[in-house]
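Undergrad: Next comes the sequence, and after it the predicted model I'd like to discuss.
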Amino acid sequence: MPQRALTPSSSSPAVAKGLLILWAVPGQGGRSPLAPTVPQTQVAVLNATAQELFSLYLKCQGEPFSSESDKLCNPAGIFFPAFRVNRTSERKEVMVAMYKLFAFLNASLGNITRDQEELNPMAKELLERLHNTTKTTRGLISNLTCLLCKNYNIFQVDVRYGDSSKGKSAFKKKQQGCQVLRKYVQVIGQAARVLLPHLSPS
């Protein structure tokens, strides 16, 4: 009986580097039976809602984040997976890069959501958007797992995560969240442009 693919949990503590094992039965080659429109739609949804999520996050953190976001949310000092593929990259390379990106994002959203539930428990709209983004990201990871296993017989992907916010001050938790979300806004647009052609039916 096939085993379920193991995907990272958004509630898992972020670690410096982790080896993600994807357990699955080797595929028979060819394209995945997944409808290409499923991951296409998931990427498009994440791209369309990223800026709104970031703006709402800033609003809910209050000052000085609302007025000094350029300074406080500069993501230059944080780790975020490099996304060096482009439209001419091989599809396999693109799918692996995409998996690393969204596995990282899934774990980061878990950290941010946990912190906001502690710091802003009454920010219902923000928490709902965070949960919805996490749900979409998890679905995308599941679909990518299927594509990697069935199309390329890839059963493990080396994934690096960011720092956990546990034990940090309230200000640092808010800052780490806004840095990650700002970088996410920048990268998801690039990812959508690069990835969507590779997810189209061939």
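TA: Received the coordinates, thanks. The structure displayed is predicted, hence computed values, not measured ones.
Undergrad: Which strands border the helix or strand containing residue 158, and is each parallel or antiparallel?
TA: Assigned by DSSP states H and E, residue 158 belongs to strand 156-159. Paired strands of strand 156-159, with direction, are strand 18-21 (antiparallel) (DSSP bridges).
Undergrad: same for the following helix or strand past the partner strand, what does it pack against?
TA: Scanning forward in sequence from strand 18-21 by DSSP H and E, the next helix or strand is helix 37-61. When contacts are defined as 3 or more Cβ pairs under 8 Å, 6 or more residues apart in numbering; DSSP states H and E, helix 37-61 packs onto helix 91-119, helix 124-152, helix 170-198. All C-beta spots, glycine's among them, are computed from the backbone N, C-alpha and C.
Undergrad: Could you check the angle the last one makes with helix 91-119?
TA: Interaxial angle, helix 170-198 versus helix 91-119 (axes from the mean of the first three to the mean of the last three Cα atoms, to 10 degrees): 150 degrees.
Undergrad: Please identify the buried residues of helix 170-198?
TA: 173-185, 187-188, 191-192, 194-196, 198 (16 or more other Cβ atoms under 10 Å).
Undergrad: Also the second one?
TA: For helix 124-152, the buried set under the neighbour-count rule, 16+ other Cβ under 10 Å, comprises 126-127, 129-130, 133-134, 136-151.
Undergrad: got it, and the first one?
TA: With burial defined by 16+ other Cβ under 10 Å, the residues of helix 91-119 counted as buried are 91, 94-116.
Undergrad: pLDDT of that helix, averaged?
TA: Mean pLDDT, helix 91-119: 95.
Undergrad: could you say what helices and strands that helix packs with?
TA: Going by 3+ Cβ pairs under 8 Å, 6+ apart, helix 91-119 lies up against helix 37-61, helix 124-152, strand 156-159, helix 170-198.
Undergrad: Show me what the last one is packed against.
TA: Think helix 170-198. When contacts are defined as 3+ Cβ pairs under 8 Å, 6+ apart, helix 170-198 sits against helix 37-61, helix 69-72, helix 91-119.
Undergrad: centre of the chain versus it, how much separation?
TA: Relative to its chain's centre, helix 170-198 lies at 8 Å (Cα atoms, centre = their mean, to the nearest Å).
Undergrad: how big is the angle separating that helix from helix 124-152?
TA: Going by the same axes, to 10 degrees, helix 170-198 makes 40 degrees with helix 124-152.
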